[in-house]
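> Sequence plus the predicted model coming up.
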Amino acid sequence: MLSQFIKSNKKNLRLTIRWYMMCVLPATFPENYQLITRDPSRPKVVISYPCNLLNLLIKDYYTNDQYHELIDKEKHLYEIGSENSIFVLN
């Protein structure tokens, strides 16, 4: 259901994010999670779950997989890659 909503509202990213935040996550949902690692240099890592989830959804649905970058002007060689400059910040 969420993927269908995102596909149908690709042009209106704000509407998609608002719908997701208001309808899917309850108000009591914790915004930040603390992960405990085995790495002594970083024993704890804090992540914003809603922000990371939205970034993942944006990456999946709004990445341009046909981004062409000119490598050689004389030979007209291009390198094809993916690019996405839309992210939700904490």
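Received the coordinates, thanks. Residues are numbered from 1 along each chain as shown.
> following the longest helix seen in the chain, which helix or strand comes up?
Counting by DSSP state H, the longest helix found in the chain is helix 49-62. The helix or strand immediately downstream of helix 49-62 is strand 64-72, counting by DSSP states H and E.
> Report all helices and strands that that following strand contacts.
strand 77-83 (3 or more Cβ pairs under 8 Å, 6 or more residues apart in numbering; DSSP states H and E). Heads up, the C-betas are built off the backbone N, CA and C, glycines and all.
> Tell me what angle the longest helix of the chain forms with strand 77-83.
140 degrees (axes from the mean of the first three to the mean of the last three Cα atoms, to 10 degrees).
> So which bits of helix 49-62 are buried?
Residues of helix 49-62 classed as buried: 50, 54-55, 57-58, 61 (neighbour count, 16 or more other Cβ atoms under 10 Å).
> want to throw those into CSV with pLDDT and distance to Asp72?
Converted to CSV, the buried residues of helix 49-62 look like this (pLDDT from 0 to 100; distance: Cβ to Cβ, whole Å):
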residue, pLDDT, distance to Asp72
Pro50, 76, 43
Leu54, 78, 38
Asn55, 80, 34
Leu57, 78, 36
Ile58, 80, 32
Tyr61, 79, 32
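> What strands line up against the host helix or strand of Val46, and which way round?
Under the criterion of DSSP H and E, Val46 resides in strand 44-48. When sheet partners are counted by DSSP bridges, strand 44-48 sits next to strand 32-36 (antiparallel).
> hey, C-alpha coordinates of the strand it pairs with in PDB?
Taking C-alpha atoms only, strand 32-36 is exported to PDB below (Å, rounded to 0.1, in the frame of the first residue of the first chain):
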ATOM      1  CA  ASN A  32      15.800   8.100  17.900                       C
ATOM      2  CA  TYR A  33      17.200   4.600  18.600                       C
ATOM      3  CA  GLN A  34      20.400   3.800  20.400                       C
ATOM      4  CA  LEU A  35      22.300   0.800  19.000                       C
ATOM      5  CA  ILE A  36      25.000  -0.800  21.100                       C
END
